[in-house]
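In: This is a predicted model, with the sequence first.
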Amino acid sequence: MKAIILKEVGGPENLILADVPVPSIKENEVLVQVKAVAINPVDAFVRRNQAALEMIYALKGNEENIILGWDVAGIVTQVGSTVTRFQVGDEVFGNFNFIGQANAYSEFVAAPEHELVIKPENVSFEEAAGATMAALTAWASVVKLAKVKKGDKVIVYGASGGVGHYAVQIAKHFGAYVVGVASGDNKDFVLGLGADEFFDYKTQAVEDFINDADIVHDAVWVEADVNSTEETHLARSLKTLKDGGILSSIVVYPDQQFIDKAKTERNITVQRVNVTPNDTYLKDMETIAQLLSEGEIKTYTSHVFPLAEMAKAHEIIQTKNAVGKIILVP
């Protein structure tokens, strides 16, 4: 089968198309013919960072090929001896083996049955693949951590991005008043998702206008600079919250001192959100599938590439300014 392998840690050009064996499945796995793959900023981070490759991909050092990716949608072509949830021909999607090796940049993947769900018939493979890690992250941030409810004021930074565009839709599904923050070029897109208000982060400091938000979903990528004297984006996000609010940090790890100070001084809960395996994964994925089926959330796809053009897709995702989702088709 064809797959994209990582020759070595570095730039997108190190992702090359190759012939590799079709994976064999364990008794609790299914073999999936991949119809669509979604990529995320973490894919590019792992590709160019040895420490991340070792931790997030769980690199052992004896892999014949390093194949990245965790988000797939496809058709079950084989089932393991103990599998009960699926049969050959089922259309499925999911984000699996994260943290670990899912090897999603392939024509076929071996996936644990308990990390996939049935794809709704009225949702395309491309849309389903997009709504895996990104939609799960938005769900974890807005629903599981922040417990959004009707009437809450929710600020979504990065509202036009992969995670952010789901966060806007999920918050609106629960009846929140949503403030979307993104580049001015994406104003119409963000308002079209249902946001009630829009701020262009390039020209407006949201904290100068809002100080009564209940929830802030902060998905801003900021590289650490220990020598910087500028106020961090998380500190600026705190200013937009009312006392007792909730700050979800999607990318940056807030340190314990920051967390404790926010709680002590203003009773604000600060937490870093992730989608590592947990007891509610299947329930969350099934809920996302239902929301997709009902049209309550939709996947916006800005680019669709053939699998062979993975390097081009990575060039876009690593800018951290991609709109919606980038999908690849084997």
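Out: That came through fine. Here the structure is a predicted model, which means the values were calculated and not measured. Numbering: from 1, shown residues only.
In: where along the stretch 201-330 of the chain do the helices fall?
Out: 233-239, 256-266, 281-294, 310-317 (DSSP state H, counting those that start in this stretch).
In: sec struct for residue 47, please.
Out: Three-state call for residue 47 (DSSP: H, G, I helix; E, B strand; the rest coil): helix.
In: Pull the number of nearby residues for it.
Out: Neighbour count of residue 47, defined by other CB atoms under 10 Å: 26. All C-beta atoms are positioned from the backbone trio N, CA, C, and that covers glycine.
In: hang on, isn't residue 41 packed against residue 314?
Out: No - applying CB atoms under 8 Å as the test, residue 41 and residue 314 come out as separate, 10.0 Å apart.
In: shaky segments in the stretch 101-250 of the chain?
Out: For the stretch 101-250 of the chain, the stretches flagged by pLDDT under 70 are 222-230.
In: Mind checking the helices of the stretch 201-330 of the chain for the one nearest to residue 188?
Out: Smallest distance to residue 188 across the helices of the stretch 201-330 of the chain (CB to CB): 20.4 Å, for helix 310-317.
In: and residue 75, what is it in contact with?
Out: Residues near residue 75 by CB atoms under 8 Å, 6 or more residues apart in numbering: 32, 33, 35, 89, 90, 91, 92.
In: Now do the SS call for it.
Out: strand.
In: where does the residue nearest to the spatial centre of the chain fall, phi/psi-wise?
Out: Closest to where the C-alpha atoms of the chain average out (CA atoms, centre = their mean) is residue 134, at 2.3 Å. Backbone torsions of residue 134, given as degrees, to the nearest 10, read phi -70, psi -50.
In: nearest spatial neighbour of it, skipping sequence neighbours?
Out: In space, and not counting its chain neighbours, residue 134 is closest to residue 162: 4.1 Å by CB to CB, 6 or more residues apart in numbering.
In: Contacts only, for the one you found.
Out: 40, 41, 130, 134, 322, 324, 325, 326.
In: quick one: it from residue 300, how far?
Out: 9 Å (CB to CB, to the nearest Å).
In: shared neighbours of these two, anything?
Out: By CB under 8 Å, 6+ apart, residue 162 and residue 300 have these common neighbours: 324, 325.
In: Am I right that residue 292 is in contact with residue 123?
Out: Yes - Residue 292 lies in contact with residue 123 (CB under 8 Å); the separation is 4.9 Å.
In: quick one, which of those two is more surrounded?
Out: residue 292 (23 against 20).
In: Pull the contacting residues for that one.
Out: Contacts for residue 292 (CB under 8 Å, 6+ apart) come out as 120, 123, 127, 128, 131, 298, 299.
In: With secondary structure and distance to residue 234 as extra columns, can I get the residues you listed in JSON lines?
Out: What follows is these, written out as JSON lines (DSSP: H, G, I helix; E, B strand; the rest coil; distance: CB to CB, whole Å):
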{"residue": "120", "secondary structure": "coil", "distance to residue 234": "36"}
{"residue": "123", "secondary structure": "coil", "distance to residue 234": "35"}
{"residue": "127", "secondary structure": "helix", "distance to residue 234": "32"}
{"residue": "128", "secondary structure": "helix", "distance to residue 234": "32"}
{"residue": "131", "secondary structure": "coil", "distance to residue 234": "27"}
{"residue": "298", "secondary structure": "coil", "distance to residue 234": "29"}
{"residue": "299", "secondary structure": "coil", "distance to residue 234": "28"}
